[in-house]
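A.B. asks: output the structure for:
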Amino acid sequence: MKRIMMFGVLAWFGASMCSAENWPQFRGSNASGSSVTKIALPMELGPDSKSLKWKKAIGRGHSSPVIFDGRLYVTAKENKELVTIALDAASGDELWRAAAPYEKLESIHRIGSHATPSVATDGEHVVSFFGSSGLYCYDRDGKPRWELKIGPFNNQFGACGSPVLFRGSVIVIQDHDTGSFLAGYDLKTGDLNWKTDRSNFRRSYCSPVIWEAGETPEIITCGSAQVVAYDWKTGKPVWNVRGISRVVSSTPIVGSDNTLYVVNSGGGTTVQPTFDDVLKRADKNGNGVLEKSELPKSLIAGFFDQFDRDFNDSLDRTEYSSIRDIFAMSKACAIAIRPGGKGDVTESHVKWTQLKQIPRNPSPLFVAGALFLVKDGGIVSTLDTSTGEILKAGRISGRGKYYASPVFGDGKAYMLSERGKLSVLDAKAQWSELSTADFAEDIYASPAISEGRIFIRTVSHLYCFQNQQSK
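C.D. replies: Residues are numbered from 1 along each chain as shown. Reported below is the predicted structural model:
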């Protein structure tokens, strides 16, 4: 019996030593941003550092690198083409590229990209999403398997949320000004398994995560002042928490303590007048609805186009009330949610709420009982994951805005500002800055980590760093 057990341990150890560390989607395994590598990662890295393994010019795009079995996947816009590109992760050599056709490129934010969603892969299937161009699936060698047009979308800033692969399904969320939905597609065929209407949800930009908290895994979504969990097989809602921000860009994470952490600051609470109050004062033509010219100057007037669902240039009671309710519930916060909820669990399952030092865009990191946050201005905070208490807050060298989400590996946290300033931190609750670098290019993509290598994408280059002794 002892020999059998020992053989099993050795077999497992040998298999684990031979298997590659994969980073299969946006921010790696279940969007955690954390690497499990035991290989030392470089502390000093930058365009001229000794740890630079390779550098490759690449088309513009905000999608983050994804790695599986030694192959790296990104998307880009190159020479007016939307392309999925596969590279050898060790050398940077291009293996293949595939173009996604489109009739017309949708409107995007001034700092946005038509190649923002990250690829998702299980090693056999490679799934890319290009907003109004659609969803594309290739095999690992770039051969097309299926494609699906799921746009165009009513959103002047474009599409953002990355696809997620789970148990043979492709999970996609798209929250826009109208037509918002969550859907599950068959990974092998692209056939629609289910689609859930989210018409009461307006534009948000985060990706879904999977929470295996009970008997049935749940798809976690955030937007329009709510966190909502759905059954992964049917798309039916399971529970919700009210009172987050109205526009969510940060993707939630599940900690190793099986607690869900949601961080968001896209709009705070504002109390708006009721529909009847505004109607009495502003309905000049007496038609019982509110035209844009009739609305008083307020937040709601500024969001008129997002809530005019039927595009008739007026807001009826339902349309007006829906935006008023979202503004009333919304607040910038970080929250921790316990598993096992059913229905509205706002009062019963929110473990704690923190209202200070909340980022707008970067997703959080969970490291050894501390939640790492980085916000504009280069302010880094750590929260106690048991209580939400701020353990430390301070500035790092990179100031300005932050869009890239931090990643963790080998005891270090890597944080990148919009202007390309890198800070490497000692990832402890009482963190310290270990090193800095300047890439001299804007950065929006989040780094990726695999097999002792860290991959950083700027607006025009892709870098691979690795300790010299590991090369």
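A.B. asks: the residue lying closest to N200 once chain neighbours are set aside: neighbour count?
C.D. replies: Excluding its sequence neighbours, the residue lying closest to N200 (C-beta to C-beta, 6 or more residues apart in numbering) is S322, at 6.3 Å. (Each C-beta comes from the backbone N, C-alpha and C, glycine too.) If you count neighbours by other C-beta atoms under 10 Å, S322 ends up with 17.
A.B. asks: what's the answer for R399, then?
C.D. replies: Counted with other C-beta under 10 Å, R399 comes out at 15.
A.B. asks: now swap in K292 and tell me
C.D. replies: 12.
A.B. asks: and the nearest residue to it once chain neighbours are set aside, what is it in contact with?
C.D. replies: Excluding the flanking residues, the one nearest K292 by C-beta to C-beta, 6+ apart is F304, at 4.9 Å. The contact partners of F304, by C-beta atoms under 8 Å, 6 or more residues apart in numbering, come to K292, L295, L315.
A.B. asks: please report the distance of the residue nearest to N200 from G288.
C.D. replies: Distance check for S322 against G288: by C-beta to C-beta, to the nearest Å, it reads 17 Å.
A.B. asks: now do the helices in the protein.
C.D. replies: 2-18, 275-282, 299-302, 304-307, 317-329 (DSSP state H).
A.B. asks: of those helices, which shows the lowest average pLDDT?
C.D. replies: Lowest mean pLDDT within these: helix 2-18, a mean of 34.
A.B. asks: contacts only, for T75.
C.D. replies: G61, S63, L82, V83, T84, I85, A115, P117, S118, V119, S128, F130.
A.B. asks: let me redo that: H176
C.D. replies: H176 neighbours (C-beta under 8 Å, 6+ apart): F153, N154, N155, A159, R202, R203.
A.B. asks: same deal with T121?
C.D. replies: P24, Q25, V66, F68, Y73, V127, R140, L165.
A.B. asks: quickly list the domain ranges of the protein.
C.D. replies: Taking automatic domain parsing as the reference, the chain has its domains at 275-327, 364-445.
A.B. asks: okay, now G340: neighbour count?
C.D. replies: 12.
A.B. asks: what of the one 10 residues further on?
C.D. replies: Around V350 sit 19 other residues, with neighbours defined as other C-beta under 10 Å.
A.B. asks: how far away is it from A393?
C.D. replies: V350 is 22 Å from A393, by C-beta to C-beta.
A.B. asks: next: L45.
C.D. replies: For L45, the distance to A393 - C-beta to C-beta - is 25 Å.
A.B. asks: and the contacts of T75, which is closest to A334?
C.D. replies: S118 (23.2 Å; C-beta to C-beta).
A.B. asks: that closest one contacts L72, doesn't it?
C.D. replies: No. Taking contacts as C-beta atoms under 8 Å, S118 lies outside contact range of L72: 11.6 Å.
A.B. asks: which one of those two is surrounded by more residues?
C.D. replies: The neighbour comparison of S118 against L72 (other C-beta under 10 Å) goes to S118, with 29 against 25.
A.B. asks: and the more buried one, backbone torsions?
C.D. replies: Backbone geometry at S118, expressed as degrees, to the nearest 10, gives phi -80, psi 150.
A.B. asks: how about the contacts made by it?
C.D. replies: Q25, F26, S63, S64, P65, V66, V74, T75, S162.
A.B. asks: that one and Q468, how far apart?
C.D. replies: Distance, S118 to Q468, using C-beta to C-beta: 29 Å.
A.B. asks: generate a PyMOL selection restricted to the buried entries among the contacts of H176.
C.D. replies: Entered in PyMOL, the line below selects the buried ones among the contacts of H176, by 16 or more other C-beta atoms under 10 Å:
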select buried, resi 153+154+155+159+202+203
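A.B. asks: from the contacts of H176, which is closest to G452?
C.D. replies: A159 (33.6 Å).
A.B. asks: surely that closest one touches G134?
C.D. replies: No. If you go by C-beta under 8 Å, A159 and G134 don't touch, sitting 10.3 Å apart.
A.B. asks: overlap of the contact sets of these two?
C.D. replies: Between them, A159 and G134 share the contacting residues G151, judged by C-beta under 8 Å, 6+ apart.
A.B. asks: nearest spatial neighbour of P144, chain-adjacent residues omitted?
C.D. replies: Nearest non-adjacent residue to P144 (C-beta to C-beta, 6+ apart): Y138, at 5.7 Å.
A.B. asks: residues touching A57, list them.
C.D. replies: S460, H461.
A.B. asks: do you know how far it is from Y463?
C.D. replies: 11 Å.
A.B. asks: try I171
C.D. replies: For I171 relative to Y463 (C-beta to C-beta), the value is 30 Å.
A.B. asks: these two - which one has more neighbours?
C.D. replies: Counted by other C-beta under 10 Å, I171 and Y463 do not tie: I171 has more neighbours, with 27 against 23.
A.B. asks: mind listing what that one touches?
C.D. replies: P163, V164, L165, L182, A183, G184, P208, I210, I219, W232.
A.B. asks: let's go with 7 Å and repeat that
C.D. replies: P163, V164, G184, P208, I219 (C-beta atoms under 7 Å, 6 or more residues apart in numbering).
A.B. asks: tell me the pLDDT of it.
C.D. replies: I171 is assigned a predicted lDDT (pLDDT) of 98.
A.B. asks: report the beta-bridge partners for it.
C.D. replies: Taking DSSP bridges as the rule, I171 bridges to V164, G184.
A.B. asks: and it, how far from T221?
C.D. replies: I171 is 10 Å from T221, by C-beta to C-beta.
A.B. asks: repeat that for R110.
C.D. replies: In terms of C-beta to C-beta, R110 sits 26 Å off from T221.
A.B. asks: higher neighbour count, those two?
C.D. replies: T221 (29 against 5).
A.B. asks: next, the contact list for the more buried one, please.
C.D. replies: I173, L182, P208, V228, Y230.
A.B. asks: can you pick out the ones from those residues that are in strands?
C.D. replies: Among the contacts of T221, the residues falling in strands (DSSP state E) are I173, L182, V228, Y230.
A.B. asks: neighbour-wise, give me the winner out of these.
C.D. replies: That'd be I173 among the ones in strands among the contacts of T221, by other C-beta under 10 Å, with 26 neighbours.
A.B. asks: nearest to T189 among the contacts of T75?
C.D. replies: Distances from T189 to the contacts of T75, taken by C-beta to C-beta, are shortest for S128, at 16.6 Å.
A.B. asks: the closest one: neighbouring residues, count only.
C.D. replies: Neighbours around S128, by other C-beta under 10 Å: 30.
A.B. asks: surely it meets L82?
C.D. replies: No. Using C-beta atoms under 7 Å as the test, S128 is too far from L82 to be in contact (8.6 Å).
A.B. asks: shared neighbours, the two?
C.D. replies: Common neighbours of S128 and L82 (C-beta under 7 Å, 6+ apart) are A100.
A.B. asks: I'd guessed E433 sits against I396; true?
C.D. replies: Yes. Between E433 and I396 there is a contact under C-beta under 7 Å: 5.4 Å.
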